[in-house]
Every structure is written in C-alpha cells, then in structure tokens.
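[1] Here is my input, please return the structure:
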Amino acid sequence: MGLNGYNSFMTSMREHNLAPLMSGVQHNCHISDSRHGTEYGLCTYLMRMREYFRWEKGFGFSASLDKDEVSQWLEEREALWEGLEDEDFRPLDFAGDRFDPFDQRSPCRPGAGLQWWLWSLRKAAFFPGGA
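    Prediction:
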C-alpha cells in the first residue's frame, strides 16, 4: 500500500471512529512486544528496533536516522514495556461491541460491523476472518 493508500485508509478509520479499536490493538501489541520483543540476539534486536522506529515514525528506507533520536525512542519503548509484561490483553471495542483479541471470527462475522466496514474499503482480504 503506497502513501496515498495509507492516508486514505487512515482517513476512513477516523471517519468510522475506529480510535477505540486502534488503541486496543496497539495496547495489545505493546504487551506482546514487552513479552517477546527481546527474544533476539543483541544485534538482531537493535536492527529490528531501528526498523520498528523507522516504521512507527513514518521514515522511508532512504531516510537517515538520527542515532540520538532512535536511542531516546528505544529507551522510552523499553520503559513502556517494563510496565506491561504482566498485563492481560484487552478486549477490542468496535461499534459498541467488545471482542476477545484472539477470536479471529467474531469481529468479522456478518452483523458485527467490522466485516462490512472492511468490505466497503475493499480491504477485507488483508484482515483475518474478513469477507
């Protein structure tokens, strides 16, 4: 998906008030990262984190990254993870319903709303359990 596709996708997400869903998914990703993010050797871990920084901040592959900015971000990320390692995953909220984060079918079942929203974007094939 190019930048225009990404911008269109994010605009549609805001229009459909998916902030609670996005927040829940991001929180659960932070919990997963806190539990498993450091299971690599040091070099691999640092390379992955640099690319994670690049992705999260929206820098292209050719962009030069400021090592102090990356280091600061990494310190903040590891501090965030320290407090999340023992937390439970949160249920995901969508259209007034609450879904178990590991249930791939319930948010996308007919009538749940997410399947129809994804279909309307013609993006359902990118999501587990979609149309």
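[2] Averaged pLDDT, whichever helix in the chain runs longest. What do you get?
    If you go by DSSP state H, the chain has its longest helix at helix 19-36. Here helix 19-36 scores 84 as its mean pLDDT.
[3] now stretch 59-72
    Rounded mean pLDDT across stretch 59-72 is 93.
[4] what residues does that stretch touch?
    Stretch 59-72 is contacted by residues 49-50, 53-54 when judged by Cβ atoms under 8 Å, 6 or more residues apart in numbering. In short, each C-beta sits where N, CA and C put it, glycine included.
[5] What helices and strands are in contact with the longest helix of the chain?
    helix 67-82, strand 92-94 (3 or more Cβ pairs under 8 Å, 6 or more residues apart in numbering; DSSP states H and E).
[6] nearest to Y45, of the ones you listed?
    Y45 lies closest to helix 67-82 among the helices and strands packed on helix 19-36, at 9.8 Å (Cβ to Cβ).
[7] got the buried residues for that closest one?
    Going by neighbour count (16 or more other Cβ atoms under 10 Å), the buried part of helix 67-82 is 70, 73-74, 77, 81.
[8] what two of those have the greatest distance between them?
    Among the buried residues of helix 67-82, V70 and W81 lie farthest apart (Cβ to Cβ), at 16.2 Å.
[9] if I look at E75, how far off is D97?
    Distance of E75 to D97, computed by Cβ to Cβ, to the nearest Å: 37 Å.
[10] ugh, typo on my part, it should be R54
    Taking Cβ to Cβ, one finds R54 at 35 Å from D97.
[11] Equivalent analysis for F61, please.
    For F61, the distance to D97 - Cβ to Cβ - is 38 Å.
[12] Just want to know which of these two has more residues nearby.
    D97 (14 against 6; other Cβ atoms under 10 Å).
[13] Please identify the buried residues of stretch 93-105?
    93-94, 99, 101.
[14] Which residue in the residues you listed has the weakest pLDDT?
    Comparing the buried residues of stretch 93-105 by pLDDT, F94 comes last, at 74.
[15] my read: that one touches L21, true?
    Yes - using Cβ atoms under 8 Å, F94 is in contact with L21, at 4.8 Å.
[16] That'll do, ta.
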